[in-house]
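Participant: Got a sequence here, can you model it:
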Amino acid sequence: MFLITRQSNGTTETLKNSNSQLDKSFTNYEDAHNFVQKLNQNIIPSKHWTVTENMKEAKNEQL
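Facilitator: Model prediction:
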């Protein structure tokens, strides 16, 4: 699983699904990366989003 995150004031912010408090997640890197490319088009570089692997979810899937 992949999440979209960014660093802001020393904390990690995770992108949420619309009208929800649930993290927006992707099953593959390519889909997440394409979404981030579109998302960052109109955002100043210091606030850009990045793709990160959700290690907690990945670990649970292995169990």
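
Participant: Could you identify the longest strand within this protein?
Facilitator: Ordering each strand of the chain by length in residues (DSSP state E) puts strand 2-8 first.

Participant: Quick check: neighbours of it in the sheet, parallel or antiparallel?
Facilitator: strand 11-14 (antiparallel), strand 25-26 (antiparallel), strand 50-53 (antiparallel) (DSSP bridges).

Participant: Just give me the neighbour total for M55.
Facilitator: Neighbours of M55 under the rule other C-beta atoms under 10 Å: 9. From N, CA and C alone the C-beta is placed, and that goes for glycine too.

Participant: Please name the residues that touch it.
Facilitator: If you count contacts by C-beta atoms under 8 Å, 6 or more residues apart in numbering, M55 has none.

Participant: Check which helices and strands the host helix or strand of D31 sits against.
Facilitator: D31 belongs to helix 29-39 when assigned by DSSP states H and E. In terms of contacts (3 or more C-beta pairs under 8 Å, 6 or more residues apart in numbering; DSSP states H and E), helix 29-39 is packed against strand 2-8, strand 50-53.

Participant: what angle separates that helix from strand 2-8?
Facilitator: 40 degrees (axes from the mean of the first three to the mean of the last three C-alpha atoms, to 10 degrees).

Participant: my read: S8 touches K47, true?
Facilitator: Yes. Applying C-beta atoms under 8 Å, one finds S8 in contact with K47, separated by 7.2 Å.

Participant: any idea how far K16 is from L3?
Facilitator: 10 Å (C-beta to C-beta, to the nearest Å).

Participant: which neighbours do these two share?
Facilitator: Shared contacts of K16 and L3, counting by C-beta under 8 Å, 6+ apart, come down to D23, K24.

Participant: When these two are compared, which one has more neighbours?
Facilitator: Between K16 and L3, counted using other C-beta under 10 Å, L3 has the larger neighbour count: 20 against 12.

Participant: so who does that one touch?
Facilitator: L3 sits in contact with T14, L15, D23, K24, S25, F26, A32, V51, T52, E53, N54, where contact means C-beta under 8 Å, 6+ apart.

Participant: All set now, cheers.
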